[in-house]
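Q: here's my sequence, what's the structure:
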Amino acid sequence: MNQQSTTYTLELAHQLQRARDEDIEQAKAAGQRIHVSEITSLPAFIYEKIRNIVDYKDEYLLRKNAIRRFLKRRIVLLKFGGKADAAALALVRDLVLARYLPNDKVLESTVGGLGDIISKYYVLLTELGERGCSIPHWREAVLGIAAVECDAHLVPPTERHAFTSFAYRLIKPAIEFTDAAETEVVRNVQLVIAIQRVLERADRDIISYYLLRHYYHDWFASPPLVPVQEMAPKFEAALRNFDEVIEHRLGRRILPRVRKLLTPISIMRDIVKASTVPPAEVLTQRSRLEHLARETYRSTWRSTRKRIRRKGFHAMGYIFLTKMVLALLLELPYEKFVIGEIKYIPIAINLLFPPLLMAIITLMIKSPGKSNREAVVSAVVESTQGGEPAFYKTRRLKTGRPSLGRRLSYGLIYVVTMGISFAALVYVLGRLEFNILSGTLFVFFVSLVSFFGLSLREQARAMKVVAVRDTLIGFVVDFFTLPIVAFGKWLSITFDKINIFVFILDYLFEIPFKTLLKVIEDWFSFLKEKKDEMY
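A: As a prediction, the model looks like this:
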């Protein structure tokens, strides 16, 4: 184990150094670079900020999602056909305008390869459409994979892959599965997916992309080594299989354990990212690494707390804005013309309580503590310096399912708990003179806030590696609030698919807005050329 961990560390350092060297070569490479006007960049940047509040996603996914929206406009709506290079150039300019990519840094030579990717998926979408693909939302799935490949072409994920490989090799021996029903292949795939979910914040698009690369790597050659006509039926079958793989029961069971084991590796990644010296020097010098791990842990927690609060206040703004719109469009007219009387206290509670609850949850998130920090620092040092890391000692993971009788009993208890929780909430709302509409909206928003608040708390708990002692009060609170949180999760997934504000922005505003920015950008370029001709 001593020699192995040292070998893993040296290999990681080598891969990270290679990624740095590639970035340096890219920065020094000769050629024209994509330039946009700062005047048009500002409104594009502001628009993206507003849209990300309305349709909030993890910060790691924003650029990929922006590419996905662009591809959806160009491929599905505009049917650009063979103009792939023009679409690729427009995509890069859009990303630079919105500041997802730096200005004057992206080489124009990257556009050609990006155009090939866009063209490949355009032909694939056409082929799947002509074949009559029967998978629900198959276009969305294909566009998501295309967006991930475009993003990887523009910003190669070399460092992310290096840490994912290092984490897999370190964590795999630390988990002993007790369920013999799953094969070794299934266990390995689910372990990699769990690592990607944590380290790369991978969503369904990213996981599907990696699975596709694993099983059909010829599709990602340049040019692809497999014709689109041959790939289309394989792609359809792959999409069906990926749903089962991504939703696999084993993946959900191992994710909490993997998240805890990845905390030191996340700190290690932040250390390397912030350091200007070669990665090998950082990771192999014990005293320096211990000092940097402690300092990085503190700064990571500060940035995590800041990010959580920013997310919380973004959610507050979104909830308040949405509630105001619903109050004006639904609640006030309903009470005025159906009930015949406007009750301002329920409306005020409905308007103020959900964002206030969000604020309370956000502000009550606490630091993991000194003992947790020292445990993480120790794990960082031990995992890179050799020896037998106590933090990564082998632990048995129970993955078997309980018997049918126990599952039925647990299900019955859960249903009863859900009934009690919602009955108590309805009783309180009735005492406060809520009507059916206002009560429904209150339950809707409180459930959403509870789920989102729990997800924020889980992000803070991701840094906790020291076991937290359970309390009776905490158990009772979890027991009765879990159904509300579960309902909020269901609402979040459902509402995400039918978000009316996102629909308005994407289909009624974004296309004319981006077109106007392009016209202004072209006009500035024309003026600059005329000005240069005068000298």
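Q: CA atoms for contacts and neighbours, from now on please.
A: OK.
Q: all helices of the stretch 1-150 of the chain, in order?
A: Assigned by DSSP state H, counting those that start in this stretch, the stretch 1-150 of the chain shows helices spanning 2-28, 38-54, 62-71, 84-97, 110-131, 138-154.
Q: so what does the shortest one touch, helix or strand wise?
A: Contact partners of helix 62-71 among helices and strands, from 3 or more C-alpha pairs under 8 Å, 6 or more residues apart in numbering; DSSP states H and E: helix 84-97, helix 138-154.
Q: what angle do it and helix 138-154 make?
A: Relative orientation of helix 62-71 with respect to helix 138-154: 120 degrees, computed using axes from the mean of the first three to the mean of the last three C-alpha atoms, to 10 degrees.
Q: go on, the second one?
A: On the basis of the same axes, to 10 degrees, helix 38-54 is oriented at 130 degrees to helix 138-154.
Q: cool, the longest one as well?
A: Between the axes of helix 2-28 and helix 138-154, defined by the same axes, to 10 degrees, the angle is 80 degrees.
Q: next, the buried residues of stretch 345-365.
A: Within stretch 345-365, the residues scored as buried using 16 or more other C-alpha atoms under 10 Å are 346-347, 350-352, 354-355, 357-359, 361-362, 365.
Q: okay, now the unreliable bits of the protein?
A: Low-confidence segments of the chain, defined by pLDDT under 70: 1-5, 53-58, 76-82, 179-181, 386-389, 394-404, 468-480, 493-509, 524, 526-535.
Q: can you pull out the strands in it?
A: 175-177, 395-397 (DSSP state E).
Q: counting by contacts, list what the first one packs against.
A: If you count contacts as 3+ C-alpha pairs under 8 Å, 6+ apart, strand 175-177 packs onto strand 395-397.
Q: counting contacts, what elements does the longest helix along the chain pack onto?
A: Ranked by number of residues, the top helix in the chain under DSSP state H is helix 286-326. Contact here means 3+ C-alpha pairs under 8 Å, 6+ apart; on that basis helix 286-326 packs against helix 38-54, helix 263-274, helix 279-284, helix 344-363, helix 370-385, helix 436-461.
Q: and the protein, what are its domain boundaries?
A: The chain is divided into the following domains under automatic domain parsing: 2-162+175-255, 273-497.
Q: so what's A486 up against?
A: Counting by C-alpha atoms under 8 Å, 6 or more residues apart in numbering, A486 makes contact with S447, F451.
Q: now with 10 Å?
A: M418, S447, L448, S450, F451, S492 (C-alpha atoms under 10 Å, 6 or more residues apart in numbering).
Q: I75: which of the residues you listed is nearest?
A: Nearest to I75 among those is S492, at 27.7 Å by C-alpha to C-alpha.
Q: could you find the closest non-adjacent residue to that closest one?
A: Distance criterion C-alpha to C-alpha, 6 or more residues apart in numbering; nearest residue to S492, sequence neighbours excluded, is L448 at 6.4 Å.
Q: let me see the contact set for that neighbour.
A: Here L448 is in contact with 319, 354, 358, 442, 454, 484-492, 495 (C-alpha under 10 Å, 6+ apart).
Q: nearest to P264, of those residues?
A: For those, the nearest to P264 is L454 (22.7 Å; C-alpha to C-alpha).
Q: residues near the closest one, how many?
A: Residues lying near L454 (other C-alpha atoms under 10 Å) number 15.
Q: just the buried members of the contacts of L448?
A: Judged by 16+ other C-alpha under 10 Å, buried ones among the contacts of L448: I319, P354, M358, F442, I484, V485, A486, F487, G488, K489, L491, S492.
Q: may I ask which two of the residues you listed are separated the most?
A: Maximum distance among the buried ones among the contacts of L448 (C-alpha to C-alpha): 18.5 Å, for I319 and A486.
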